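> model this:
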Amino acid sequence: MSYTNINKSTDYFNTLLYTGSGSAQTVTGVGFNSDFTWIKSRNNSHAHTLFAKPINSGLSHLYSNTTDAAGTGKITSYNSDGYALPNNNETNNSGNNYVSWNWLANGVGSSNTDGGINTTYTSVNTTSGVSISSYTGTGATATVGHGLGVVPKVVLIKGVSNSGSWGMYHSSIGATKKIVLNTTSAEASSGWMNNTAPTSSVFTVINDTDVGTSGYTYVAYCFAEKQGFSKFGSYIGNGNANGTFVYTGFKPAFVMSKYASGGGTGSWHMYDNKRKGYNTENDYLQANTTSSENSDTDQVDLLSNGFKWRSNGSETNTSGGTFIYMAFGQPIVGTNNIPANAR
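Presented below is the predicted three-dimensional model:
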């Protein structure tokens, strides 16, 4: 795992809570000019709305819970500490409570020419291990550069100009399979990446509607692990209210988990340290549904060095089930201002 120079994780990832006004408003408090923003209404059944600077300078959006092509009209501009929003259900409906998860990359970015396909834009931050690329499919097996300089653990791809699924490569399930963000399905065998794991410079796509059809535009989100800031792995559920503990080496600020294999299916569960902000009342949202916050049995403790399940929930801690996760968090920093490893 690569080491990070991050002492303050909120310079690279931050969760922002705000209330919709029903009229044009600017929300602040992100702490940086966000390059990847994910917004969800907490108390109403509206879509998850995702924005990335390499797609129309961040003014176009995708929905994680649908296969829809990109649309516009949910955000109007960005600034150094937030963004301007028009009146709409998904990001600024009157009286709705919203959560936004925000990642720093490098603005719109520039073309990456490491692969057989030159990206239109690649916005990359090698410190935090975040890369976002837009590219056009060729209708043939080809490689696409990500710019991270290290091997990504997660690659998430979605069609921008066409309807298609959100396919995810996760290192814990390997390159011969994929798992889909907009469904409850478990991992499935797939040759969508030509059965080829990403390298330190490129990932591979085939002629497929979801990743590489000729003339279609796609976005790829790539994440590399950075010790003390991000971790992408798997765990085995124990089916017990004294649930499985997952070591990350930092205090998680955001966790998304998914049942991957073992005979079951389940939604993508999303937790953070801002919405109730205390254990174990970390209500979850589901990336594949429009549902509002839920506080049933799938509860988790966000600890100083990882997270621990506090239920036998079928979608998060089924006995013997394999679950994958993505986690971002706060490094433990010593008096010498150097990130330390949690134990």
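> show me what contacts residue 75?
For residue 75, the contact set (CB atoms under 8 Å, 6 or more residues apart in numbering) comprises 37, 51, 58, 59, 61, 83, 84, 85, 86, 91. (Each C-beta comes from the backbone N, C-alpha and C, glycine too.)
> I'd like those as CSV, with secondary structure and distance to residue 198 appended.
Formatted as CSV, these follow (DSSP: H, G, I helix; E, B strand; the rest coil; distance: CB to CB, whole Å):
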residue, secondary structure, distance to residue 198
37, strand, 24
51, strand, 24
58, helix, 24
59, coil, 28
61, strand, 26
83, strand, 30
84, strand, 35
85, strand, 34
86, coil, 37
91, helix, 32
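> In CSV, list these along with neighbour count and distance to residue 196.
CSV is the format used below for the contacts of residue 75 (neighbours: other CB atoms under 10 Å; distance: CB to CB, whole Å):
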residue, neighbour count, distance to residue 196
37, 23, 30
51, 26, 29
58, 23, 30
59, 16, 33
61, 26, 30
83, 24, 37
84, 14, 41
85, 24, 40
86, 13, 42
91, 28, 37
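> and of those residues, the nearest to residue 278?
Set against residue 278, the nearest of the contacts of residue 75 by CB to CB is residue 37 (25.1 Å).
> Check the contact between that closest one and residue 83; I expect there is one.
Yes: under the criterion of CB atoms under 8 Å, residue 37 makes contact with residue 83 at 6.9 Å.
> surely residue 141 meets residue 208?
No: Residue 141 is beyond contact range of residue 208, at 9.6 Å (criterion: CB under 8 Å).
> who's more crowded, those two?
The neighbour comparison of residue 141 against residue 208 (other CB atoms under 10 Å) goes to residue 208, with 21 against 16.
> Quick check: the more buried one touching residue 178?
No: using CB under 8 Å, residue 208 is not in contact with residue 178; the gap is 10.3 Å.
> could you pull out the strands for the stretch 201-343 of the chain?
202-205, 217-223, 226-227, 230-236, 245-247, 251-261, 269-272, 285-286, 300-302, 306-309, 322-330, 332-333, 339-340 (DSSP state E, counting those that start in this stretch).
> now stretch 249-265: mean pLDDT?
On average, the pLDDT along stretch 249-265 is 93.
> Show me what counts as buried in it.
249-261, 264 (16 or more other CB atoms under 10 Å).
> nearest to residue 189, of those?
Using CB to CB, the buried residues of stretch 249-265 come closest to residue 189 at residue 261, 11.2 Å.
> For the closest residue to that closest one other than its chain neighbours, give its distance to residue 241.
Distances taken as CB to CB, 6 or more residues apart in numbering place residue 322 nearest to residue 261, at 4.6 Å, with adjacent residues excluded. Residue 322 sits 20 Å away from residue 241, going by CB to CB, to the nearest Å.
> Between those two, point out the one with more neighbours.
residue 322 (20 against 13).
> who's in contact with stretch 10-23?
Contacts to stretch 10-23, defined as CB under 8 Å, 6+ apart, come from residues 6, 27, 29-32, 41, 82, 85, 87, 91-104, 125, 127-128, 130, 229, 253-254, 272-275, 328, 330.
> how does it look with 7 Å?
6, 27, 29-32, 87, 92-104, 125, 128, 253-254, 272, 274-275, 328 (CB atoms under 7 Å, 6 or more residues apart in numbering).
> Same check on stretch 183-191?
173, 176-179, 206, 259-261, 264-267, 288.
> switch the cut-off to 10 Å
Here stretch 183-191 makes contact (CB atoms under 10 Å, 6 or more residues apart in numbering) with 65, 67, 141, 165-170, 172-180, 195, 206, 208, 210, 258-268, 286, 288-289, 315, 321-322, 324.
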